[in-house]
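In: predicted model and sequence below, questions to follow.
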There are 2 protein chains.
Amino acid sequence: MTAFRFELHAVDPTTGARVGTWHTPHGPVETPAFMPVGTVATVKGLTPDQLRQTGAQMILGNTYHLALRPGAEVLAELGGLHRFMNWDGPILTDSGGFQIFSLAKLTKITDDRVAFRSHIDGSLLELTPERAVEIQEQLGADCIMCLDECPPHDASPERMQAAVDRTTKWAARCRESQKRGDQALFGIVQGGIHREFRERSLAGLLPLDFPGYAIGGLSVGEDPAQMYETLAFTVPGLPTYRPRYLMGVGRPIDLLEGVLRGIDLFDCVMPTRNGRNATAFTSRGVVKMRNLQYRTDPSPLDPECRCPVCRQFSRAYLRHLFMAEEMLGPILLSWHNLAYYQQLMSDLRQAIRAGKSQEFRTVQLARWTQ
Amino acid sequence: MTAFRFELHAVDPTTGARVGTWHTPHGPVETPAFMPVGTVATVKGLTPDQLRQTGAQMILGNTYHLALRPGAEVLAELGGLHRFMNWDGPILTDSGGFQIFSLAKLTKITDDRVAFRSHIDGSLLELTPERAVEIQEQLGADCIMCLDECPPHDASPERMQAAVDRTTKWAARCRESQKRGDQALFGIVQGGIHREFRERSLAGLLPLDFPGYAIGGLSVGEDPAQMYETLAFTVPGLPTYRPRYLMGVGRPIDLLEGVLRGIDLFDCVMPTRNGRNATAFTSRGVVKMRNLQYRTDPSPLDPECRCPVCRQFSRAYLRHLFMAEEMLGPILLSWHNLAYYQQLMSDLRQAIRAGKSQEFRTVQLARWTQ
């Protein structure tokens, strides 16, 4: 596991925000890092070269989707996910659990396994902790996730505690069943927004000594303030010298607030999904690209951005592409949004090194909302 | 008009195929050339950088579509089509006539003008030869087209002759109304597949001494053999030292047959449209990318192609992208198809220079159909 050395370069004493380098078999990741989501072995609309140009170092693939299409055996036969999608940087895969609970039709969950129906063709499938690890070993990502149970954010205390305990038991089984030595398996902390359940989850997982920990069960419907508060009482319980990954989060402000609470890794579909829907993230806040005010606007989308989109095209052109329903609109806005997210993380790393993460937050919040 | 010097480097005496360089205000075009179609200021799915990487030197924009969205005045205000879409190479625009006859709901055509309804919102619009030139001057392409009438391929002889005569009269009015001196205005030869009408059209247009000539009214439903025969008796009537443009053509085989009959310029939506529909053009013929046989095929789409798609991705991955309905599938196949078309034109230029266009044709036909 030396391939996964996590170097901490600086911790901002005023906030707990950290800067580090996480070394993986496919190269280093400067943290805090944002991982673009490549659901079925493609970050929607971008080539690997364009993705690399955004500054992305590590990306995420969804095991549930990949296991359905093209299938884990096909991916294994073709040399794994890296070669299949021509991405030679680090990759993280989730366990498939989140999609089973959110996308598939759940048929039955027991302590042993979860049974569900494919959202594509309705076929009946099952997943155990062991099988989740086995599939992820076939996909071959650098970082893989334990199978967890992610209940709704407003689940009853009984349901929440049961999910925490099941997640802990499954984590032990995942740890036990791991065969490959070149993948970092993360445990996932569950427990919703309840301090006692988060502490219970931590207490169950920490003895298993995972090389990194994910925080799941957030950004699933609770208020942002509740999410930030949950991070504030959960993150300090995690080991300092292991990477911390906040799953499925979020908006630029959520990344900022997460980093200032000690998170190292993020992933989210928002930059690409919102980009496809004509919504841009910029240094001055959100821009709705279809707005009539941009009809003859010759200025770049974000005058402070140096991405290829902002260097080459006007707002008028971007608006036109969306009005004419041209593919290039979603492509270019996804590209810019991903570049913007990477620039934000880079700026954050610099601010933390300078011991100014709190000041950075203040300035950034003012600019987004002006 | 010296900006539009057309240099002929070689003519293959066995076929009449020619190699040249057409100099335009936005740079040279090596001919014979294929122009990708950028209907509404975007070649669907590709960035200008990717387009340039395919080897494309000159592209086409559709005046009808651009006049509706974003509008000629908007384009003029934003500095013209080149700047709007960030393409600094040569551009050709059609007159809008073809789309009026094929796409819009035609309401009335007289010798003076054509009235039609927009296919987008049904609004009533009119186009005169003078307005067609004026709009194209607002768009600012390097090469612009006279307004012509393009009747169905099976129109009656009376209708065909009337269209030829109207096209001639409109060509004179277009020539007369041209104000900008930095755009090459082409006359369009009509007349369907009838030798007498093509000769009548030529006789009407040649005295107007256009800097180049287009052949319209082909690839509109007639058999390929009829199109090739029409080229064989029409092209020799065109001036040797002016570029010849076959509008809206075609498949790789049509480009080959057109070049061997003395055509210099082509445009067609097929590489991008077919690419979006999972159909690839390769050195060994057409590949249907969704075919089950490619499910675990690790080889490149076209082993003889050196385009970025064939160098980076497997058939299995391309098939997967289409099966999962991912945008990257249409993007990558459009990219490859355009690169393939450009490679074909490059190979043709080399064969013509070597005096071997006939041999090239024989070899190529055998490989496409093996």
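Out: Everything's here; your move. What you see is a predicted model, and the numbers here were worked out from it, not measured in a lab.
In: pull out the buried residues from stretch A:343-362.
Out: Within stretch A:343-362, the residues that count as buried by 16 or more other Cβ atoms under 10 Å in any protein chain shown are A:343, A:344, A:345, A:348, A:349, A:351, A:352, A:356, A:357, A:360, A:361. Backbone N, C-alpha and C define where each C-beta goes, glycine included.
In: among the residues you listed, which are in helices?
Out: A:343, A:344, A:345, A:348, A:349, A:351, A:352, A:357, A:360, A:361 (DSSP state H).
In: the second one contacts residue A:254, correct?
Out: No. In this structure, residue A:344 is not within contact of residue A:254 by Cβ atoms under 8 Å, at 11.1 Å.
In: ok, residue A:316 - how many residues close by?
Out: Using other Cβ atoms under 10 Å in any protein chain shown, residue A:316 is surrounded by 20 other residues.
In: then residue A:334?
Out: Residue A:334 has 27 nearby residues by other Cβ under 10 Å.
In: ok and the helix or strand hosting it relative to helix B:328-353, angle-wise?
Out: Element membership of residue A:334, judged by DSSP states H and E, is helix A:328-353. Helix A:328-353 and helix B:328-353 are oriented at 110 degrees to each other (axes from the mean of the first three to the mean of the last three Cα atoms, to 10 degrees).
In: around chain B, which positions in the stretch 201-350 of chain A sit nearby?
Out: Neighbours of chain B within the stretch 201-350 of chain A, by Cβ under 8 Å from any Cβ of the partner chain: A:295-296, A:298, A:308, A:312-314, A:316-317, A:320-321, A:323-324, A:326-328, A:330-332.
In: go on, the stretch 51-200 of chain A?
Out: So the stretch 51-200 of chain A meets chain B at A:65, A:69, A:70, A:74, A:77, A:78, A:79, A:84, A:85, A:86 (Cβ under 8 Å from any Cβ).
In: of these, keep whichever come out buried.
Out: A:65, A:69, A:70, A:74, A:77, A:78, A:84, A:85, A:86.
In: and the spatially closest residue to the fifth one that is not a sequence neighbour, how many residues sit next to it?
Out: What that stands for is residue A:77. Spatial nearest neighbour of residue A:77, excluding adjacent residues (Cβ to Cβ, 6 or more residues apart in numbering or on different chains): residue B:296 at 5.5 Å. A count of neighbours around residue B:296, defined by other Cβ under 10 Å, yields 17.
In: can you give me every residue that contacts residue B:296?
Out: A:74, A:77, A:78, B:316 (Cβ atoms under 8 Å, 6 or more residues apart in numbering or on different chains).
In: of those residues, closest to residue B:276?
Out: residue B:316 (19.7 Å; Cβ to Cβ).
In: please name the residues that touch that closest one.
Out: With Cβ under 8 Å, 6+ apart, residue B:316 has these contacts: A:70, A:74, A:78, A:84, B:294, B:295, B:296, B:297, B:298.
In: in a helix, it, correct?
Out: Yes. Checked against DSSP: H, G, I helix; E, B strand; the rest coil, residue B:316 lies within a helix.
In: pLDDT value on it, please?
Out: Looking at residue B:316, its pLDDT reads 98.
In: how about the strands of the stretch 151-300 of chain A, start to end?
Out: With DSSP state E, counting those that start in this stretch, the ranges of strands along the stretch 151-300 of chain A come out as A:184-189, A:213-215, A:244-246, A:265-268, A:279-282, A:285-288.
In: out of those, the one nearest residue B:287 is which?
Out: strand A:265-268 (34.6 Å).
In: as a whole number, average confidence for the closest one?
Out: Mean predicted confidence for strand A:265-268 is 98.
In: show me what that strand is packed up against.
Out: strand A:33-36, strand A:244-246 (3 or more Cβ pairs under 8 Å, 6 or more residues apart in numbering or on different chains; DSSP states H and E).
In: could you dump these to TSV with distance to residue A:163 and mean neighbour count?
Out: Formatted as TSV, the helices and strands packed on strand A:265-268 follow (distance: least, Cβ to Cβ, whole Å; neighbours: other Cβ atoms under 10 Å in any protein chain shown):
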stretch	distance to residue A:163	mean neighbour count
strand A:33-36	25	26
strand A:244-246	18	27
